[in-house]
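[1] Provided below are the primary sequence and the corresponding predicted coordinates.
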Amino acid sequence: MTLELRNISKSFPGVRALDDVSVTFNPGEVHALLGENGAGKSTLIKAICGIQRADHGTISLDGVPLNLSSLKDGMRHGITIVNQEIQVFSESSVAENIMIDKLEKYRGFGGISWKRLNADALEYLELVGLEIDPETPIGGLSAAQKQLVQIAKALSSKATVILFDEPTSSITANEVTKLFEVIGDLKAKGYTLIFVSHKLEEVLEICDQVTVLRDGRHVGTRCISELDKETIIELMIGRKIQIENFARLETDPDDVVLSAKDLSSKGLFENASFALRRGEVLGFYGLVGSGRTELAKTIIGHFPISSGALSVHGRDVKVRNVADCIKTHNIGYVSENRKEDGLFLDFDIETNMTLAIWKRIQNPLTRAIDVKEQRNVANGLMRALDVRATGIDQRVGNLSGGNQQKISIAKWLAANCDILIIDEPSVGVDIGAKTMIHKLIWDLAKVEKKSIILISSDMPEMISLASRILVFKEKRITGVVPGIAEPGQTYDALSRGIGRLMA
Ligand SMILES: Nc1ncnc2c1ncn2[C@@H]1O[C@H](COP(=O)(O)OP(=O)(O)OP(=O)(O)O)[C@@H](O)[C@H]1O
């Protein structure tokens, strides 16, 4: 079906999130919706799905105007969303998740006919190429499998418009290939598909049309054949950006700031040994659940050490908790899960950015915060990271996802830690900000001689930034590969090397 948006506008206090946006999404096409962090993509998606009403404008399907008041309402009209924060009922079966809104159809005198329900669910699972028993509890599925279940659910609900909101942010390369096959299949069947992503290589691979938003305005809609990566970036940010090739970081193998020897945390990872040098970016690469984040969280005292040793600046330590980690050992941790343990969403930008340095900017006698210093630090970081907000007093919960990520990183930059663990720094972050964050990380190591552990499942990010890459698989470190700045290394050879260690 043809989805037509005409003159859509939406404002929040102090922000015009969408300004007179008109776009047409055609059936049988994958249509990318792109823009920098805060450009208005989520706001537009929410209006299309019925989650949040626009202030002005019309949305129509095959010429019939819609007046959607909820997500459920959108689904009744065949509009559905597959998103990264996957909403499934984890205790229940795959089949129940697919059929949750259609249970009445299977109710008879003897209650629900599970046999019929499971058989129907199986048909939809087959349509998305997912070979699993419909009675499998959904909680144990991988993120990619859960996403396919969401697509199966959309098909069972007779959806005609499917929106994908950054669907590849936490899935593996093989799973991306599979997802793209399913999307290709849906396209061939005439579904109207909207694809939101910051990964431009993927957009070039699977999309037919590209719509770019900038500061809430529709900059243009172009056919993919007219575009390349550079042109898309220019449309998105209004200028060209320089993608850096980072030079080699000179480090001394004997100048170790943090090391682990046969470190284990029961059930989370086993026998991890590594040494982090001063002025180095050490990569932890692996899939979600491979042990990389669990190891990082053990270093900062979030999980207990069950055996082995951890030492900081040559001394064996027992980090008691996260507060002890920053206070005693000067180790900071930028969490991958910003909403849960990175940020205080109800507080403003200034407070969040300076949380880790309150002690430093407090008057030792009166304990009053030096407000001027606090403002200076926050404003400086806003500029350095190009945070898009109305000001440092804006509530963090009202920022776009990418801008929240920048605040989370800024908080630890302000803390000036010797050792910084950064987990998935660029998930949900636009290409301009990603480049900026990469440069910041590299500068911290090169110029300020900070030692960084970089955790990422983004292979290009890992290869371009890390000096050495530890590869994790099934709770163990399976090997180490050098960084691309080492003499004679190429991207393809390194990515093959990493692939072998993960096989
Ligand atoms: N509930 C809200 N209250 C106040 N402002 C909001 C609210 N929701 C969004 N905004 C603002 O609207 C603008 C558009 O945000 P939106 O989330 O649509 O951007 P986006 O393009 O999806 O960004 P990202 O790529 O970072 O997810 C931003 O300036 C954001 O701060």
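    Yes, it's here.
[2] Check which residues of stretch 213-225 are buried.
    Of all the residues in stretch 213-225, those buried under the rule 16 or more other Cβ atoms under 10 Å are 213-216, 218-219, 221-222, 224. To be clear about C-beta, it is placed using only N, CA and C from the backbone, and glycine gets the same treatment.
[3] is that stretch anywhere near the ligand?
    No. Remark: stretch 213-225 sits outside contact range of the ligand, by Cβ under 6 Å from any ligand atom, the gap being at least 6.6 Å.
[4] pLDDT averaged over that stretch, what's the number?
    Mean pLDDT, computed over stretch 213-225, is 95.
[5] Can you measure across it, start residue to end residue?
    19 Å (Cα to Cα, to the nearest Å).
[6] Show me the buried residues of stretch 213-225 that map onto strands.
    213-214, 218-219, 221-222 (DSSP state E).
[7] Against the ligand, how distant is residue 347?
    Distance, residue 347 to the ligand, by Cβ to the nearest ligand atom, to the nearest Å: 15 Å.
[8] With adjacent residues omitted, what lies nearest to that residue?
    Spatial nearest neighbour of residue 347, excluding adjacent residues (Cβ to Cβ, 6 or more residues apart in numbering): residue 396 at 6.3 Å.
[9] Quick check, pLDDT for that neighbour.
    Note for residue 396: predicted pLDDT of 93.
[10] same question, residue 84
    In this model, residue 84 is scored at 60, pLDDT.
[11] Over to residue 242?
    Confidence at residue 242, expressed as pLDDT, is 69.
[12] can you check the one 3 residues further on too?
    What the model reports for residue 245 is a pLDDT of 80.
[13] who's in contact with it?
    By Cβ atoms under 8 Å, 6 or more residues apart in numbering, the contact list for residue 245 reads residue 464.
[14] so how far is residue 426 from it?
    The gap separating residue 245 from residue 426 is 17 Å, by Cβ to Cβ, to the nearest Å.
[15] With residue 354 instead?
    Distance, residue 354 to residue 426, by Cβ to Cβ: 23 Å.
[16] How about residue 65?
    In this structure, residue 65 and residue 426 are 39 Å apart, going by Cβ to Cβ.
[17] neighbour count winner among these two?
    residue 426 (23 against 10; other Cβ atoms under 10 Å).
[18] how about stretch 51-58: buried residues?
    Applying 16+ other Cβ under 10 Å to stretch 51-58 flags 51-52, 54, 57 as buried.
[19] er, stretch 105-122 I mean
    106, 114, 117-118, 120-122.
[20] from the residues you listed, which two are the most distant?
    106 and 122 (13.7 Å; Cβ to Cβ).
[21] and residue 179, what element?
    If you go by DSSP states H and E, residue 179 is part of helix 173-188.
[22] The next helix or strand after that helix to helix 173-188, inter-axis angle?
    Next along the chain after helix 173-188, taking DSSP H and E as the criterion, comes strand 192-196. Here the directions of strand 192-196 and helix 173-188 differ by 150 degrees (axes from the mean of the first three to the mean of the last three Cα atoms, to 10 degrees).
[23] Check which helices and strands strand 192-196 sits against.
    Strand 192-196 sits against strand 29-35, helix 41-49, strand 161-165, helix 173-188, with contacts defined as 3 or more Cβ pairs under 8 Å, 6 or more residues apart in numbering; DSSP states H and E.
[24] for those, which one sits closest to the ligand?
    helix 41-49 (3.2 Å; Cβ to the nearest ligand atom).
[25] State the mean pLDDT of that closest one.
    For helix 41-49, mean pLDDT is 95.
[26] ok, and what's touching it?
    3, 5, 8, 10, 17-18, 21, 33-35, 51-54, 59, 68, 71, 74, 79-81, 161, 163, 165, 194, 196, 213, 216, 400-401.
[27] Report the separation between the residue of the chain positioned farthest from its centre and residue 38.
    Distance from the C-alpha centroid of the chain peaks at residue 109, with 46.2 Å (Cα atoms, centre = their mean). For residue 109, the distance to residue 38 equals 55 Å [Cβ to Cβ].
[28] Repeat that for residue 450.
    Distance from residue 450 to residue 38, counting by Cβ to Cβ: 28 Å.
[29] again with residue 124
    In terms of Cβ to Cβ, residue 124 sits 36 Å off from residue 38.
[30] burial measure for residue 490, as a count.
    For residue 490, using other Cβ under 10 Å, the count is 10.
[31] tell me the contacts of it?
    Applying Cβ under 8 Å, 6+ apart, the residues near residue 490 are residue 484.
[32] tell me the pLDDT at it?
    For residue 490, the predicted pLDDT is 89.
[33] do the same with residue 163
    Looking at residue 163, its pLDDT is 96.
[34] next SSE after the lowest-mean-pLDDT helix or strand in the chain?
    When each helix and strand of the chain is scored by mean pLDDT, DSSP states H and E, helix 338-341 comes last, with a mean of 65. Counting by DSSP H and E, the next helix or strand C-terminal to helix 338-341 is helix 349-354.
[35] So which elements touch that next one?
    helix 371-385, helix 401-415.
[36] How far off centre is that helix?
    22 Å (Cα atoms, centre = their mean, to the nearest Å).
[37] Same question for stretch 182-190.
    Its chain's average C-alpha position is 25 Å from that of stretch 182-190, according to Cα atoms, centre = their mean.
[38] Residue 332 contacts residue 342, doesn't it?
    No. Taking contacts as Cβ atoms under 8 Å, residue 332 lies outside contact range of residue 342: 11.4 Å.
[39] More neighbours: the two, which one.
    residue 332 (25 against 22).
[40] contacts for the particular helix or strand that has that one in it?
    Here residue 332, judged by DSSP H and E, is contained in strand 331-334. With contacts defined as Cβ under 8 Å, 6+ apart, strand 331-334 is touched by 258, 296-297, 299-300, 312, 319, 322, 325-326, 342, 356, 408-409, 411-412, 415, 417-423, 425.
[41] What of stretch 310-329?
    Under the contact criterion Cβ under 8 Å, 6+ apart, stretch 310-329 has outside partners 256-261, 263, 298-302, 305, 309, 331-333, 356, 415, 417, 419.
[42] Just the endpoints, please. Distance across that stretch?
    For stretch 310-329, the end-to-end distance is 12 Å (Cα to Cα).
[43] Alright, calling it a day.
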